[in-house]
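Q: sequence and predicted structure, then a few things I'm wondering about:
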Amino acid sequence: MHRGCFCEMTSAVLAKRHRIVEAVMALADGHGTVAEHRARNWASITFSGTRHKLVLDFEGPAAVEAGEELIARLEDHEFEIPGQLVADAAIKAVDRSPSTAFLIVHAEILLLEEK
């Protein structure tokens, strides 16, 4: 078993992942849970960053209401993440179950490195 700390690069990647999740969950007033979070490097000729895919679960009336608010606000929200710029934020799919007060939100967020 390996003992020791993550390398600096891994630590930086984990910190970025944590900051975007924290920002999205704040937008949902702390309701819901992150069921899935995938990130991959992204680059163009002039920019580099990471594309994040999030699946968020909201269960219960208050959480579903917060999830609906997240859906309404995510794409136009001005995120403040140190060293990062949110270039694109989109809701890709929503699964609703009104009879059980359950909501699943699929979102994609493109973070660019600020230079």
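A: Nice, I can see it.
Q: with adjacent residues omitted, what lies nearest to residue 47?
A: Sequence neighbours aside, residue 112 is the residue nearest to residue 47 in space, at 5.0 Å (criterion: C-beta to C-beta, 6 or more residues apart in numbering). In short, each C-beta sits where N, CA and C put it, glycine included.
Q: quick one: which helix or strand includes residue 20?
A: helix 8-27 (DSSP states H and E).
Q: elements contacting the very next helix or strand once past that helix?
A: Downstream of helix 8-27, the next assigned helix or strand under DSSP H and E is strand 33-43. Contacts defined by 3 or more C-beta pairs under 8 Å, 6 or more residues apart in numbering; DSSP states H and E place strand 33-43 against helix 8-27, strand 48-59.
Q: which residues of this protein score low on pLDDT?
A: For the chain, the stretches with pLDDT under 70 are 1-16, 115.
Q: what distance do you get for residue 87 to residue 81?
A: Plainly put, residue 87 is 12 Å away from residue 81 if you go by C-beta to C-beta, to the nearest Å.
Q: appreciated, that's everything.
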